[in-house]
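give me the fold of what follows.
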Amino acid sequence: MAEQITGVKGAELKLGVVKAPGGHKIELLEYLAPGDHKKDNHLRPCDVGHVHVALTVENLEPLLQKIAASGWKAAGKPQNLTKGPNAGKRVIYVRDPDGTTIEFMEMPPQKNRG
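This is a model prediction of the structure:
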């Protein structure tokens, strides 16, 4: 069935689903076959066909330490956004071992509204 859905001859997939509150979910796919698929992704974030996943996190520092220890590579340095709708957030792009870009966005601390 994977071949008919994806259009990739001989496709075999391993699928995982991450469920979140509000009915949101993310599908994670691993192609088990065919074995001749491209192993490296050298697309830049500005290139046609590039995709990335953005995730919010509570604390970026421990995550960045785990990323560095795991062999993932940061695309740049964390930046504190100062303008626009995301002002106050801290953001970084990293590349997983397959070259997929994942954006991590640390939310600003909640201000006590007393």
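
alpha carbons only for contacts and neighbour counts from here, please
Will do.

any low-confidence regions in this structure?
37-41, 111-114 (pLDDT under 70).

which parts of it belong to which domain?
Domain assignment for the chain by automatic domain parsing gives 1-36, 38-114.

check which residues of stretch 63-82 are buried.
Of the residues in stretch 63-82, 64, 67, 72-74, 78, 80 count as buried by neighbour count, 16 or more other CA atoms under 10 Å.

may I have that stretch as CSV, with CA atoms only?
Extracted in CSV, the C-alpha atoms of stretch 63-82 (Å, rounded to 0.1, in the frame of the first residue of the first chain):
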residue,chain,number,x,y,z
LEU,A,63,18.3,20.4,24.5
LEU,A,64,21.2,22.0,22.7
GLN,A,65,23.6,20.1,24.9
LYS,A,66,21.9,16.8,24.0
ILE,A,67,21.9,17.8,20.3
ALA,A,68,25.6,18.5,20.4
ALA,A,69,26.3,15.2,22.1
SER,A,70,24.2,13.2,19.6
GLY,A,71,26.0,14.4,16.5
TRP,A,72,23.2,16.7,15.2
LYS,A,73,24.5,20.0,13.9
ALA,A,74,23.3,23.5,14.6
ALA,A,75,22.8,25.5,11.5
GLY,A,76,23.7,28.7,13.4
LYS,A,77,23.5,30.1,16.9
PRO,A,78,20.4,30.6,19.0
GLN,A,79,18.8,34.1,18.4
ASN,A,80,16.6,36.1,20.6
LEU,A,81,13.8,37.6,18.4
THR,A,82,13.2,41.2,19.2
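
what's in contact with it?
87-97 (CA atoms under 8 Å, 6 or more residues apart in numbering).

of those, buried ones?
88-95.

quick check: which of the domains of the chain is buried the most?
Highest mean neighbour count among the domains of the chain (mean count of other CA atoms under 10 Å): domain 38-114, with a mean of 13.
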